[in-house]
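**Student:** need coordinates for the following:
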Amino acid sequence: MLNTQVGVLSCSGEECLGGTLSRLATRKVMEDLRSGRVVSLCLPLYIAGGQEERDFAKVYPVIAVDGCDKCCAKRATIKYSGEVRDSLIVSELLGEDVALSKNVSARSLKQEHYEMVNQVADEICKRVDQIS
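**Tutor:** Numbers count the residues shown, from 1 in each chain. The predicted structure is shown next:
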């Protein structure tokens, strides 16, 4: 499966910092770090019945990136498309404080938040590289 496209389904939660970090890290991986190898799947569309998103996840490996231990992205993938290839919980990677922190708008991120985005993006890349 060398150079197989990998879908990344990230958290859409707005209530905790982990959701913002997961979305920004996924975008960084897709656009910069693993461009052409990673496709971002939209969780709200996925849940609302986006057949194209669901069909992609049935054919290609998917990594669920959840902001907290509710694991909404992983649960949606399992429910509508089958098993995920891998999953990542941002609050487990960066510490429970991320799950308990209030959401920080992408417009008001500080350097420490960008460092967290980089940590999450690096972890996603490791998992993508193991798959493809």
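**Student:** out of the helices and strands in the chain, which is least certain?
**Tutor:** helix 96-100 (a mean of 65; mean pLDDT, DSSP states H and E).
**Student:** just after it, pick out the following helix or strand.
**Tutor:** Per DSSP states H and E, the first helix or strand lying C-terminal to helix 96-100 is helix 111-131.
**Student:** for that following helix, which positions count as buried?
**Tutor:** Residues of helix 111-131 classed as buried by neighbour count (16 or more other C-beta atoms under 10 Å): His113, Met116, Val117, Val120, Ala121, Glu123, Ile124, Cys125, Arg127, Val128, Ile131. For every residue, glycine as well, the C-beta is placed using N, CA and C.
**Student:** over to stretch 38-56?
**Tutor:** Buried, per 16+ other C-beta under 10 Å, within stretch 38-56: Val38, Val39, Ser40, Leu41, Leu43, Tyr46, Ile47, Gly50, Glu53, Arg54, Phe56.
**Student:** and the second one, which of the three is it?
**Tutor:** The three-state label given to Val39 by DSSP: H, G, I helix; E, B strand; the rest coil is strand.
**Student:** so what's the closest residue to it other than its chain neighbours bridging to?
**Tutor:** Of all residues not flanking Val39 in the chain, Gly7 sits nearest, at 5.1 Å (C-beta to C-beta, 6 or more residues apart in numbering). Per DSSP bridges, the residues bridged to Gly7 are Val39, Val62.
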